[in-house]
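Colleague: got a predicted structure plus its sequence, pasted below:
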Amino acid sequence: METTQKCIACGMPMVAARDFAGADDSKDYCKHCAKPDGSMQSYAEKLDAMAVFIAKNEALNLVAARGVAASRMAKLPAWKGSAASPRA
Ligand SMILES: [Zn+2]
């Protein structure tokens, strides 16, 4: 059984080396979650990026998409226990 590694920050399955940050398969986050310098994006940066992505793909407004992004991120290892999504 092969286990597909998933990005700790967005949950994307990383199959090929090019899916990893900097094409480095020892990293535990994907290229979408890496900044140009190769370090991982912060919670706020990832939340913004995910909200834009979700808004576009699921035809939500940005406010709703941010809520969806926050609840999805709360389930991911990178953000568990972080200041994630205080439900206001
Ligand atoms: Zn990712």
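Modeller: Cool, got the structure.
Colleague: quick check, residue 51 in a strand?
Modeller: No: according to DSSP: H, G, I helix; E, B strand; the rest coil, residue 51 belongs to no strand; its state is helix.
Colleague: wait, doesn't it sit right on residue 61?
Modeller: No: assessed by C-beta atoms under 8 Å, residue 51 is found out of contact with residue 61, at 9.9 Å. For glycine as for every other residue, the C-beta is placed from the backbone atoms N, C-alpha and C.
Colleague: and the helices in the protein?
Modeller: 43-57, 62-73 (DSSP state H).
Colleague: residues of the chain that sit close to the ion?
Modeller: Listed as neighbours of the ion in the chain under the rule C-beta under 5 Å from the ion: 7, 9, 10, 12, 30, 32, 33.
Colleague: list only buried entries from those residues.
Modeller: 7, 9, 10, 12, 30, 32, 33 (16 or more other C-beta atoms under 10 Å).
Colleague: filter those residues down to the ones in strands?
Modeller: Judged by DSSP state E, strands contain none of these.
Colleague: now the residues you listed as a markdown table including pLDDT?
Modeller: Listed next are those as a markdown table, based on pLDDT from 0 to 100:
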| residue | pLDDT |
| --- | --- |
| 7 | 96 |
| 9 | 96 |
| 10 | 93 |
| 12 | 94 |
| 30 | 97 |
| 32 | 94 |
| 33 | 96 |
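Colleague: find the centremost residue of this structure, please.
Modeller: Nearest to the geometric centre of the chain sits residue 10, at 2.3 Å (C-alpha atoms, centre = their mean).
Colleague: phi, psi for that residue please.
Modeller: Here is the backbone geometry of residue 10 (degrees, to the nearest 10): phi -130, psi -10.
Colleague: touching, it and residue 33? I think so.
Modeller: Yes: judged on C-beta under 8 Å, residue 10 makes contact with residue 33 at a distance of 5.5 Å.
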